[in-house]
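**Q** Model the following, please.
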Amino acid sequence: MADAPAAEQRLELASNRHAKFLQRTLHVLPSALSSFDTQRITISYFAISGLDVLDRLDLLEGRRQEIVDWLYLSLICPGEGEEVSQ
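**A** Next up, the predicted model:
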């Protein structure tokens, strides 16, 4: 059998590059992308899920609690007279 045509060649996922992109996306979420306020939680969900699918949650090792705290601050509305700091 002759060599397979280019369209049938095996494609490989560049998982390290994808993981770095998702990590970078999470890194800029709390401050940058403020114009996407309503979508920041969704973007962070897909970035974390993507890292999980790639088995690269280790890239978040030093930032897990920071991400959890940011998510809670983003989801919980302050009570009357309370201030939220980020």
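
**Q** Look up phi and psi at Leu11.
**A** Here is the backbone geometry of Leu11 (degrees, to the nearest 10): phi -100, psi 140.

**Q** and Leu22, what element?
**A** helix 15-28 (DSSP states H and E).

**Q** now for that helix, which elements pack on it?
**A** With contacts defined as 3 or more CB pairs under 8 Å, 6 or more residues apart in numbering; DSSP states H and E, helix 15-28 has these neighbours: helix 40-53. Heads up, the C-betas are built off the backbone N, CA and C, glycines and all.

**Q** I'd like the next helix or strand past the helix it packs on.
**A** Assigned by DSSP H and E, the successor of helix 40-53 is helix 64-75.

**Q** need the contact list for Arg17.
**A** Under the criterion of CB atoms under 8 Å, 6 or more residues apart in numbering, Arg17 has no neighbours.

**Q** which of the residues in the helix holding Leu22 are buried?
**A** Using 16 or more other CB atoms under 10 Å as the test for burial, helix 15-28 gives Ala19, Leu22, Gln23, Thr25, Leu26.

**Q** For Glu61, state which of those residues is nearest.
**A** Gln23 (10.9 Å; CB to CB).

**Q** Wait, the closest one touches Leu51, no?
**A** Yes - counting by CB atoms under 8 Å, Gln23 touches Leu51, with 6.9 Å between them.

**Q** got the buried residues for the worst-scoring helix or strand of the chain on mean pLDDT?
**A** When each helix and strand of the chain is scored by mean pLDDT, DSSP states H and E, helix 64-75 comes last, with a mean of 85. Buried residues in helix 64-75, counted by 16+ other CB under 10 Å: Ile67, Trp70, Leu71.
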